[in-house]
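*Asks:* following is a predicted model, sequence given first.
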Number of protein chains: 2
Amino acid sequence: MRVHVVLTPAELGADLHSRTAVVIDVFRAATTVVTALAGGCRAIVPALTPEEARKRARAFPRGEVLLAGERGGDPIDGFDLGNSPLEYTAQRVAGKIVVLTTTNGTKALLRAASAAATAVAGLVNVKAVAQWAQDQARDLTLACAGEAGEVSLEDTVCAGLIIDALAGAGALELSDTAAMARGAARDYRHRLDDLRSESHWGRHLLARGRAEDLAACLAVDAWTAVPLFRNGRVAAGQP
Amino acid sequence: MRVHVVLTPAELGADLHSRTAVVIDVFRAATTVVTALAGGCRAIVPALTPEEARKRARAFPRGEVLLAGERGGDPIDGFDLGNSPLEYTAQRVAGKIVVLTTTNGTKALLRAASAAATAVAGLVNVKAVAQWAQDQARDLTLACAGEAGEVSLEDTVCAGLIIDALAGAGALELSDTAAMARGAARDYRHRLDDLRSESHWGRHLLARGRAEDLAACLAVDAWTAVPLFRNGRVAAGQP
C-alpha cells in the first residue's frame, strides 16, 4: 500500500479517484463529527462558508436541522452550535442533520470528496480509521486539514499515528511527507498532551478557554466510529 | 529565539529581513558547496537556470570560473562540473569561482537572500550551523530546498537536527513545522542512512548510481564550515 500525507488542503489534487482518503482535523472538527454521530446525529453536511451552510440548511425541515460551525475558533452568530465537541450531546443532536462549516476541516473534506472512499479522523479514532483504511485495500492519502492554509503539528502527528497503526498491514510505501509524519508521531506518541502547548492552534484554543475541548480531542482511540463522507454527507460507517 | 521551518522554497516569504536564514539541501547541493569551499574554491555563485549560469560565468576571466550544476540529478551538457561533491576536489576548484545551478538548492538560496544573514546547511555541518545561528541571536528560518516544489524528508530531518542542536541555546519558540521537523529528526537521528531508501530523492540518486555521493552527504558533522551567502556569492564564513 502506498501512503501519502498531504500537509495542507491546497495540495489535495484531482488524482484521488482510485485512492482512499482520510481527512484529519484533530482540533476540533473530527472530534466534533465523531461525537455528533455517537450522539445519534443522522448526518453532518459540510459547507464551505456560513452562507452556504444557511442555504443548505434550508433544504431540510426546520425542526430536523442544526446550523453549526466556527470561524477563528469562535461560534458563528445565529448558529445553533459551535465547533466544541462538548456541545454535541445526544439531547441536542439525536435524529438531527447538522450542517457544519469550519475554518479548515470542512474545506479539506470537500476537496477530498473525489476519492474512492473518504473518512474523517482525529486522535479519537486512529485505530478504527487505520483498520478501515487497511480493509479498503487501496493506496491511501491522509489529508491534514491544517490551519488557515498552514501546516498544523497535531494533524501531522495524527497522520503519523495512523501510519504506524497500519504498519501491521504488510509492506507500506511511504512518501516523504508520510515518513516525516510517522517520525513526528513517534516523537509525540507518549506525550500527546504536549500538542496543546506545542501547536499553534492548541495554544489559540487554550487562550480562548477551550481546555476541555482539547481534552476531548486528545482522548486517543476513545471511539471506534469511522465517519464516512458520501454523497455530500458524513455518516457513521458500518462497523 | 523563534524558530520556523519552511518546507518548500515557495513558502519563503518577504519577511526575512530581520531573521537569520539557513538554506538546507542535504542531497546534494549543501555538501557540494561545503566540499568546494573546503577545497579552496573562492566562492560559489548561485544561478536559477543553466542559461543564467552561463551568463554569470562570462563576468569572470575564463580560467577562473567553472560552470556547475544539475537538472533532474544529472550533469548539464557543456558544464565543467555536476552536482556530485566527489567532483569538487581541490585540484579542480582551488582558487576558482564556481557558478552553480541546481534544481532546488540554488532556487531556495536566491529566495533566502533577503535575510539578515543566510547560511547553507546539510547533514555535513549541522553542529557548526546551529552554533552560528545561535551566535546570530535573531529569530531563525530554516528553509528546506525540497524537491521540485515538494517536501523532502532528508531536508526536514536536517532542519530538525539543527533545532535539536540549538536546544542548549535557551528558550526556543517552535512553529508547528519546526516541532514536526524536530520530531522527525528524533526518529531518524540514529538511523540516518535510512534516508537513502526512505526519501524520494535518495532513491532517485541511488538508482542513478550515486551511492558514493549519498555517503558523502550523510557524513554528519564532518565539516565545521558555515558557507554564508552575501552579495550574490556563497563563501566560507569566519570560523
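*Replies:* That came through, no problem. Numbering: from 1, shown residues only, chains lettered A, B, ... in the order given.
*Asks:* so the closest residue to A:Arg203 other than its chain neighbours versus A:Thr31, what's the distance?
*Replies:* Leaving aside its chain neighbours, A:Arg203 sits nearest to A:Ser197 (6.2 Å; criterion: Cβ to Cβ, 6 or more residues apart in numbering or on different chains). Where you see a C-beta, it was placed from the backbone N, CA and C, and this is true even at glycine. For A:Ser197, the distance to A:Thr31 (Cβ to Cβ, to the nearest Å) stands at 18 Å.
*Asks:* do the same with A:Lys55
*Replies:* Applying Cβ to Cβ to A:Lys55 and A:Thr31 gives a distance of 26 Å.
*Asks:* same thing with A:His204?
*Replies:* The value you get for A:His204 to A:Thr31, if Cβ to Cβ is used, is 16 Å.
*Asks:* look at A:Lys55 and A:Thr31 and report which has more neighbours.
*Replies:* Neighbour count, other Cβ atoms under 10 Å in any protein chain shown: between A:Lys55 and A:Thr31, A:Thr31 has more, with 29 against 12.
*Asks:* now the helix or strand containing that one: mean pLDDT?
*Replies:* Applying DSSP states H and E as the criterion places A:Thr31 in helix A:29-38. For helix A:29-38, mean pLDDT rounds to 96.
*Asks:* what's it in contact with?
*Replies:* Helix A:29-38 is contacted by residues A:23-24, A:44, A:68, A:83-85, A:88, A:93, A:98, A:100, A:102, A:104-106, A:120-125, A:145, A:213, A:216-217, A:223, A:225, A:227, A:234-236 when judged by Cβ atoms under 8 Å, 6 or more residues apart in numbering or on different chains.
*Asks:* do stretch A:118-127 and chain B meet?
*Replies:* No. Using Cβ under 8 Å from any Cβ of the partner chain, stretch A:118-127 never reaches chain B; the gap is at least 15.2 Å.
*Asks:* what residues of that stretch count as buried?
*Replies:* For stretch A:118-127, the neighbour count (16 or more other Cβ atoms under 10 Å in any protein chain shown) marks A:118-126 as buried.
*Asks:* endpoints of that stretch, how far apart?
*Replies:* 16 Å (Cα to Cα, to the nearest Å).
*Asks:* please apply the same query to stretch A:64-82.
*Replies:* 17 Å.
*Asks:* buried residues in that stretch?
*Replies:* A:65-70, A:73, A:75-76, A:79-82.
*Asks:* now do stretch A:176-195
*Replies:* Neighbour counts using 16+ other Cβ under 10 Å place A:176-188, A:192, A:195 of stretch A:176-195 among the buried residues.
*Asks:* may I ask which two of the residues you listed are separated the most?
*Replies:* Spatially, the most separated pair among the buried residues of stretch A:176-195 is A:Asp176 and A:Leu192, at 23.6 Å (Cβ to Cβ).
*Asks:* so A:Ala43 touches A:Arg230, yeah?
*Replies:* No. Taking contacts as Cβ atoms under 8 Å, A:Ala43 lies outside contact range of A:Arg230: 9.5 Å.
*Asks:* which of those two has more neighbours?
*Replies:* A:Ala43 (19 against 12).
*Asks:* which residues of chain A lie near chain B?
*Replies:* A:7, A:147, A:150-153, A:156-157, A:174-177, A:179-188, A:198-200.
*Asks:* what do you get if the cut-off is 6 Å, keeping everything else the same?
*Replies:* By the rule Cβ under 6 Å from any Cβ of the partner chain, the part of chain A lying against chain B is A:151-153, A:156, A:176-177, A:179-180, A:183-184, A:186-188, A:198-200.
*Asks:* restricted to helices, list the residues you listed.
*Replies:* Among the residues of chain A next to chain B, DSSP state H puts A:153, A:156, A:176-177, A:179-180, A:183-184, A:186-188, A:198, A:200 in helices.
*Asks:* any idea how far the nearest residue to A:Met1 once chain neighbours are set aside lies from chain B?
*Replies:* Leaving aside its chain neighbours, A:Met1 sits nearest to A:Leu172 (5.7 Å; criterion: Cβ to Cβ, 6+ apart). A:Leu172 sits 11 Å away from chain B, going by Cβ to the nearest Cβ, to the nearest Å.
*Asks:* which other residues reach the lengthiest strand in chain A?
*Replies:* As assigned by DSSP state E, the longest strand anywhere in chain A is strand A:65-71. Strand A:65-71 is contacted by residues A:53, A:57, A:76, A:79-83, A:96-102 when judged by Cβ atoms under 6 Å, 6 or more residues apart in numbering or on different chains.
*Asks:* please redo it, this time with the cut-off set to 7 Å
*Replies:* A:50, A:53-54, A:57, A:76, A:79-83, A:93, A:96-103 (Cβ atoms under 7 Å, 6 or more residues apart in numbering or on different chains).
*Asks:* direction included, what does the next helix or strand after that strand pair against?
*Replies:* Using DSSP H and E, the helix or strand that follows strand A:65-71 towards the C-terminus is strand A:74-75. Using DSSP bridges, strand A:74-75 pairs in its sheet with strand A:65-71 (antiparallel).
*Asks:* what is the orientation angle of the partner strand with helix A:29-38?
*Replies:* 160 degrees (axes from the mean of the first three to the mean of the last three Cα atoms, to 10 degrees).
*Asks:* chain A: helices as residue ranges?
*Replies:* Using DSSP H, helices in chain A cover A:29-38, A:50-57, A:90-93, A:105-111, A:126-136, A:153-166, A:176-188, A:195-198, A:200-207, A:211-217.
*Asks:* wait, which of these is closest to A:Arg2?
*Replies:* helix A:176-188 (8.7 Å).
*Asks:* and that closest one with helix B:200-207, angle?
*Replies:* Going by the same axes, to 10 degrees, helix A:176-188 makes 120 degrees with helix B:200-207.
*Asks:* ok now helix A:176-188, how far from the chain's centre?
*Replies:* Distance of helix A:176-188 from its chain centroid, counting by Cα atoms, centre = their mean, to the nearest Å, is 18 Å.
*Asks:* just the residues contacting it, thanks.
*Replies:* A:3-5, A:7, A:156-157, A:159-161, A:163-164, A:174, A:194-195, B:151-153, B:156, B:180, B:183-184, B:186-188, B:198-200.
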